[in-house]
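In: okay, predicted coordinates and the sequence, questions at the end:
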Amino acid sequence: MTEYRFCPRCAKPLTERTDPEHEGGRVRQSCPDAGCGYVHWNNPLPVVAAIVEYEGKILLARNAAWAEGMFALITGFLENGETPEQGIAREVLEETSLHAESVELIGVYEFIRKNELIIAYHVKAHGAIALSPELLEYRLVEPAKLRPWRAGTGQALGEWMRRRGLPFEFVERPGQ
């Protein structure tokens with residue numbers, strides 16, 4: 001659970017509470033001031049992810065904060081007022097300069113370690129690749145040579161490969 005020390009509404013120190021009748025016994029951080037009523041629900045964040053198909057290959061990118069050799073799908077957070085389809089098309093454009101031709105839902109996957117809910121898409125894209133500053137490099141990989149990892153976006157990639165009849169084995173972490 002994300003730990004906050006103070007109420008974002010009234011700045012009083014937060015306390016932990018458990019309400020088995022209404023909240024299933026989960027421990028929640030809440031404001032002790034009954035007039036404020038703030039509760040930190042710590043709900044998962046929706047994240048969009050794209051298996052970007054470009055000229056018959058899949059584009060994987062390396063984030064500037066990641067170790068050398070670690071590549072993954074294009075991902076990002078939804079912004080206020082956009083659908084997941086609009087969000088992933090925007091993320092692909094912002095991060096790679098590619099334009100989405102088609103956006104097809106693969107599925108929705110939990111990523112409990114990061115408290116995220118991943119909405120994954122297959123995005124066919126066109127244009128000239130130009131990476132945003134948050135990405136250092138990219139690879140174009142033949143679909144049959146992809147190696148999905150066991151969590152998060154790897155589950156989506158494995159499902160996408162399965163639907164296409166491509167054999168695959170999960171690896172322990174992305175980039176392996």
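Out: Happy to help now that I have it.
In: pairing partners for the most centrally placed residue in the chain in the sheet, please.
Out: Centroid-nearest residue in the chain: Val47, 3.7 Å away (criterion: C-alpha atoms, centre = their mean). Per DSSP bridges, the residues bridged to Val47 are Phe77, Ile118.
In: the one 5 residues further on too?
Out: Taking DSSP bridges as the rule, Val52 bridges to Leu59, Val123.
In: any idea how far it lies from Cys7?
Out: Val52 sits at a distance of 41 Å from Cys7 (criterion: C-beta to C-beta, to the nearest Å). Glycine gets a C-beta too; all of them are placed from N, C-alpha and C.
In: neighbour count: the two, which is higher?
Out: Set side by side, Val52 and Cys7 show more neighbours around Val52, with 27 against 21, by other C-beta atoms under 10 Å.
In: okay, now the nearest residue to Ser102 once chain neighbours are set aside: neighbour count?
Out: Distance criterion C-beta to C-beta, 6 or more residues apart in numbering; nearest residue to Ser102, sequence neighbours excluded, is Lys124 at 4.7 Å. By other C-beta under 10 Å, 17 other residues sit near Lys124.
In: next one: Thr96
Out: Around Thr96 there are 24 residues (other C-beta under 10 Å).
In: also Gly165?
Out: Gly165: 7 surrounding residues under other C-beta under 10 Å.
In: tell me how far it lies from His122.
Out: Counting by C-beta to C-beta, the gap from Gly165 to His122 is 15 Å.
In: so, low pLDDT: which residues of the protein?
Out: 1-2, 20, 23, 173-176 (pLDDT under 70).
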